[in-house]
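In: Using only what follows, build the 3D model:
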Amino acid sequence: MKNLVNFSKNDIIMFYNFLFIYETEIKGKKYEQFKNRFGQTELEYKRSILRSVVHVLKENLQNMPPTEGFVYIPKSHTKILGVLTHLRNSIAHALIQSKDGCYIIEDYYNGKTAIGMLRKPVVKHLIETLIDEYSRYNQKKQNL
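Out: The predicted model follows:
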């Protein structure tokens, strides 16, 4: 948990909300299910992060350092769900770091499975879009 000391209270609350939504609404979903449920988040991802995602062989990830503006994930992973899963794991396992206005995202499972360094506003906006979309959907459900 040592990495979490570098984050503001608002960051930690945002991370917690993201983890809750991931665990209850995203985990185990196929791409089409995700896109149908979180269309605005999908659009935000395509607008702001997609061009930063690079598929590489897992064995090539092992010695890669974080590079600002890029997220490297294995070739077998669907881009948006892969990025969200690795972001989830990086937060949940307290591997995420804050450095020079960026979030460093790392994930490990039998070796490194993702490494990335994205500007904080980009990641925050994606997570906030997801949270807003989740909240609006649940608000509509309650009003029915």
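In: Could you pull out the strands in this structure for me?
Out: Shown for the chain, the strands assigned by DSSP state E span residues 53-56, 70-74, 97-99, 102-108, 112-119.
In: which stretches of the protein form helices?
Out: For the chain, the helices defined by DSSP state H occupy 9-21, 31-37, 39-48, 58-61, 79-92, 120-143.
In: Comparing those, which yields the minimum mean pLDDT?
Out: Here the lowest mean pLDDT among the helices of the chain goes to helix 58-61, at a mean of 87.
In: Give me the helices and strands touching it, please.
Out: strand 70-74, strand 112-119 (3 or more CB pairs under 8 Å, 6 or more residues apart in numbering; DSSP states H and E). No exception for glycine: its C-beta is placed from N, CA and C like everyone else's.
In: got a list of contacts for the last one?
Out: By CB atoms under 8 Å, 6 or more residues apart in numbering, the surrounding residues in contact with strand 112-119 are 49, 52, 58, 61-62, 64-74, 82-83, 86, 89-90, 99, 101-107.
In: List only those of those residues flagged as buried.
Out: Neighbour-count burial (16 or more other CB atoms under 10 Å) is assigned, among these, to 49, 52, 58, 61, 66, 71-74, 82-83, 86, 89-90, 102-107.
In: Next, count neighbours for Thr78.
Out: Each residue near Thr78 was counted by other CB atoms under 10 Å, and the total is 13.
In: ok, now which ones touch the residue nearest to it when sequence neighbours are not counted?
Out: Closest residue in space to Thr78, ignoring its immediate chain neighbours: Tyr31 at 5.2 Å, by CB to CB, 6 or more residues apart in numbering. For Tyr31, the contact set (CB under 8 Å, 6+ apart) comprises 78, 80-81.
In: try Thr129
Out: With CB under 8 Å, 6+ apart, Thr129 has these contacts: 40-41, 44.
In: go on, Leu43?
Out: By CB under 8 Å, 6+ apart, Leu43 has no neighbours at all.
In: Ok, Gly69 next?
Out: Residues near Gly69 by CB under 8 Å, 6+ apart: 52, 117-119.
In: Which of the residues you listed sits closest to Asn10?
Out: Arg119 (16.7 Å; CB to CB).
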